[in-house]
Every structure is written in structure tokens, then in C-alpha cells.
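[1] how would this look folded up:
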Amino acid sequence: MNEIKEVLKKVWTKEVILYVIFGVLTTVINLGSFYVLNKFFNINENIANVIAIILAVLFAYITNKDLVFHSEAKGFKEKFKEFAKFISGRIVTMIIEWGGCALLFLLPIPNMISKLFMTVIVVILNFFISKFFAFKKKKK
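    Numbers count the residues shown, from 1 in each chain. Reported below is the predicted structural model:
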């Protein structure tokens, strides 16, 4: 039991807790905008999905940069490089999400269930991309 507590202390850090909170909010933006665009504005589910992902990514960048990973980037060049890394990682996961949803939308599964499933996969991937690639701390 003590080993489990020790592992949880190492894994469940302030950074992870904040990432989860903002990940949930990012997911709400992603799913909410998808739902509104698809159901109320009758936008095709694949187009609505891309728009929803873009809105969520912009929100995630701002919150991850400032509130979760506390970006150390200084100057325009460093900040631009960090933003480019973040966006590159998100483009990869956007392709994964879009492709996964496109396939799942073909199955007799409700669109929102398919979208939610792929969103969970993407949130996990995005944490590792953000922590170890986009906002990687400089060694001192």
C-alpha cells in the first residue's frame, strides 16, 4: 500500500493536476464547439471537428504555456520556437484525432461517443508532447 502511495505522490504532481483541470476545460471547448457546430449550425461532422480542434488547441496553448508548464521562453525567437513545437505536436495529434474520428464516424456509434473516445487518447498524448517537447525545461 505504501508503494502505491509513493507512486501516486510522484505521478500526481501540481503540474499533472493543473494539466488535468485545463485538459478537461480544453475537452469541454472541443466537444462543446463540435456539438454546437454540428447540431445547431448543421456543419458536417468532419469540418465541425477540425474547427473544434483548432479552438481547443489555441486555448490549450495559452493555459499550458502560462499556467501548467510555466514557459521559460524569452524573446521572440524562443517563444516562436516553443509555439512552433507546441503546434507541431498538436498537428500530429489533430491528425490522429481527425483520422480516428473519421473512422469511428463510419461505425454505428453515436458521434459524441466517438469524439469523446478520441479526445481522451489525444489528451494523454498531448501531455507528453507538451512536457517533454514543447515546454521542455532547460537544463541548468
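[2] measure Gln86 to Phe135 for me?
    Quick fix: residue 86 is Phe, not Gln. The gap separating Phe86 from Phe135 is 8 Å, by CB to CB, to the nearest Å. All C-beta spots, glycine's among them, are computed from the backbone N, C-alpha and C.
[3] more neighbours: which of those two?
    Set Phe86 next to Phe135 and count neighbours by other CB atoms under 10 Å: Phe86 wins out with 23 against 20.
[4] nearest spatial neighbour of the residue positioned nearest the centre of the chain, skipping sequence neighbours?
    Geometric centre of the chain, nearest residue: Val123, 4.4 Å, by CA atoms, centre = their mean. Distances taken as CB to CB, 6 or more residues apart in numbering place Gly23 nearest to Val123, at 4.8 Å, with adjacent residues excluded.
[5] which of the helices and strands in the protein ranks last by mean pLDDT?
    helix 2-11 (a mean of 76; mean pLDDT, DSSP states H and E).
[6] contact partners for the residue nearest to the centre of the chain?
    Each residue near Val123 by CB atoms under 8 Å, 6 or more residues apart in numbering is listed here: 23, 26-27.
[7] in strands, which of the residues you listed appear?
    Using DSSP state E to define strands, no part of these is located there.
[8] now for the lengthiest helix in the chain, which elements pack on it?
    Looking across the chain with DSSP state H, the single longest helix is helix 75-104. Judged by 3 or more CB pairs under 8 Å, 6 or more residues apart in numbering; DSSP states H and E, helix 75-104 is in contact with helix 45-63, helix 111-129.
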